[in-house]
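*Asks:* Structure here, sequence nowhere to be found:
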């Protein structure tokens with residue numbers, strides 16, 4: 001549960017400070033989960049407002065045999081790469097299909113400004129599956145960087161188009177792409193709240209959970225098979241873990257008072273939660289099966305929003321133990337905590353990068369709530385956004401991008417910014433109010 005959402009469950013001694021929380025962010029209640037798996041109506045639209053430096057020029061030819069299939073492979077790949085900010089598309093092939101076996105003259109493509117050429121084909125097999133093939137040509141090195149094939153169900157065509165874009169991204173930039181990963185977020189409409197799981201580009205949204213009640217605090221398990229969340233279906237906050245493939249769920253924390261803010265350890269063996277069962281707002285850890293509850297903090301006031309480091313040694317969290325909300329770090333076994341943030345009087349919602357080198361969080365500056373990134377080694381802070389009502393940052397699994405929620409036209413929408421602030425784009429939908437985003441892990445093949 002985020003700092004503002006927790007406000008309604010805390011002792012009256014923090015009333016003055018909690019008014020500030022409520023003014024900062026709209027208070028969300030929690031949704032009961034209904035095990036449904038239907039398509040969401042709101043498709044997110046992408047608006048790119050920033051790009052990286054040294055863009056790679058590429059061309060993707062129409063995939064041979066793509067006509068009549070449910071997804072345009074070329075378009076999915078192009079959109080992914082352009083959205084990353086590191087690629088620009090050169091459409092020199094028009095509607096000429098070049099398959100993965102076509103004899104390519106790399107120097108000819110290089111002469112017209114193309115650095116990378118993607119060609120491929122898709123063929124329907126007798127059993128209804130698809131044979132998807134592609135070849136990536138590096139025109140500067142004048143060689144193929146990879147020639148692969150997949151045999152897939154038609155429903156997996158879009159996913160594998162994302163995987164092709166991931167392959168291109170990694171081969172050309174030297175780091176893993178995140179186009180085939182997933183996002184989770186909460187969609188609010190009058191009398192309806194839904195937990196949505198979508199592709200990283202916002203397409204293919206699926207309703208994982210639905211209720212007349214609101215939903216908050218979804219958190220992906222490290223293997224991407226489960227979501228932890230907080231539900232108020234019994235009129236009190238309870239932490240559940242939901243298995244996506246089966247729809248089964250288990251109440252993990254259902255103690256007296258508030259049970260909130262679930263966070264997974266990097267190895268998936270533990271959960272951190274925030275409980276008020278002993279008074280105050282304290283952080284506890286437990287085994288992934290719900291056993292072994294262990295109290296980690298013991299201070300008065302608010303201790304909340306835990307997040308594990310990826311090396312398994314630390315937990316970052318938000319606390320007002322110093323008089324105002326700041327971010328602290330402690331051992332995963334609890335004990336003394338060290339303050340991490342010092343710029344500004346209000347810093348909440350910490351999330352750590354996959355390499356444990358950069359911390360992102362929400363900071364208040366001049367009355368605006370912005371996303372910041374802190375270099376933990378050097379202590380340098382960078383303000384990444386200037387939209388003023390930003391919340392819930394979440395790192396992409398490659399550490400390059402940060403997903404967050406912001407406001408546009410009075411409603412919540414999703415946005416992405418690179419950790420250096422150069423690349424920005426929004427994922428917006430018509431009519432829905434979107435919040436609580438979290439970026440899922442890499443998908444294992």
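*Replies:* Looks like it came in fine. Bear in mind that the values here come from a model prediction, so they are computed numbers and not experimental data.
*Asks:* ok so residue 167 is a helix residue?
*Replies:* Yes. Counting by DSSP: H, G, I helix; E, B strand; the rest coil, residue 167 is located in a helix.
*Asks:* ok, now which ones touch it?
*Replies:* Counting by C-beta atoms under 8 Å, 6 or more residues apart in numbering, residue 167 touches 134, 136, 146, 148, 177. Every C-beta, even on glycine, is put in place using the N, C-alpha and C of the backbone.
*Asks:* Stretch 321-332: end-to-end distance?
*Replies:* Distance across stretch 321-332, first residue to last, is 19 Å (C-alpha to C-alpha, to the nearest Å).
*Asks:* Equivalent analysis for stretch 175-185, please.
*Replies:* When the termini of stretch 175-185 are compared using C-alpha to C-alpha, they are 26 Å apart.
*Asks:* any idea how far that stretch is from the chain center?
*Replies:* Averaging C-alpha positions (C-alpha atoms, centre = their mean, to the nearest Å) puts stretch 175-185 7 Å from its chain's average.
*Asks:* which of the residues in it are buried?
*Replies:* 176-185 (16 or more other C-beta atoms under 10 Å).
*Asks:* Residue 224 and residue 397 touch, don't they?
*Replies:* No. Using C-beta atoms under 8 Å as the test, residue 224 is too far from residue 397 to be in contact (9.3 Å).
*Asks:* residues bridging contact with these two, i.e. touching both?
*Replies:* With C-beta under 8 Å, 6+ apart, residue 224 and residue 397 have common neighbours 440-442.
*Asks:* Let's have these in JSON lines, adding distance to residue 161.
*Replies:* Formatted as JSON lines, the shared contacts of residue 224 and residue 397 follow (distance: C-beta to C-beta, whole Å):
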{"residue": "440", "distance to residue 161": "18"}
{"residue": "441", "distance to residue 161": "20"}
{"residue": "442", "distance to residue 161": "17"}
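*Asks:* is it possible to export the residues you listed to a markdown table including neighbour count, pLDDT and distance to residue 263?
*Replies:* What follows is the shared contacts of residue 224 and residue 397, written out as a markdown table (neighbours: other C-beta atoms under 10 Å; pLDDT from 0 to 100; distance: C-beta to C-beta, whole Å):
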| residue | neighbour count | pLDDT | distance to residue 263 |
| --- | --- | --- | --- |
| 440 | 23 | 98 | 14 |
| 441 | 20 | 98 | 14 |
| 442 | 18 | 96 | 18 |
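*Asks:* Now render those residues as JSON lines, adding secondary structure and distance to residue 233.
*Replies:* What follows is the shared contacts of residue 224 and residue 397, written out as JSON lines (DSSP: H, G, I helix; E, B strand; the rest coil; distance: C-beta to C-beta, whole Å):
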{"residue": "440", "secondary structure": "coil", "distance to residue 233": "24"}
{"residue": "441", "secondary structure": "coil", "distance to residue 233": "27"}
{"residue": "442", "secondary structure": "coil", "distance to residue 233": "32"}
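*Asks:* Where do the strands of the stretch 301-445 of the chain begin and end?
*Replies:* 303-308, 314-319, 326-331, 334-339, 347-352, 358-365, 368-375, 381-383, 391-395, 401-408, 411-418, 424-428, 433-439 (DSSP state E, counting those that start in this stretch).
*Asks:* So what are the sheet partners of the second one and their directions?
*Replies:* The one in question is strand 314-319. strand 303-308 (antiparallel), strand 326-331 (antiparallel) (DSSP bridges).
*Asks:* Repeat that for the fifth one.
*Replies:* Looking at strand 347-352 with DSSP bridges, its paired strands and their directions are strand 358-365 (antiparallel).
*Asks:* Just the buried positions in the strand it pairs with, please.
*Replies:* For strand 358-365, the neighbour count (16+ other C-beta under 10 Å) marks 358-364 as buried.
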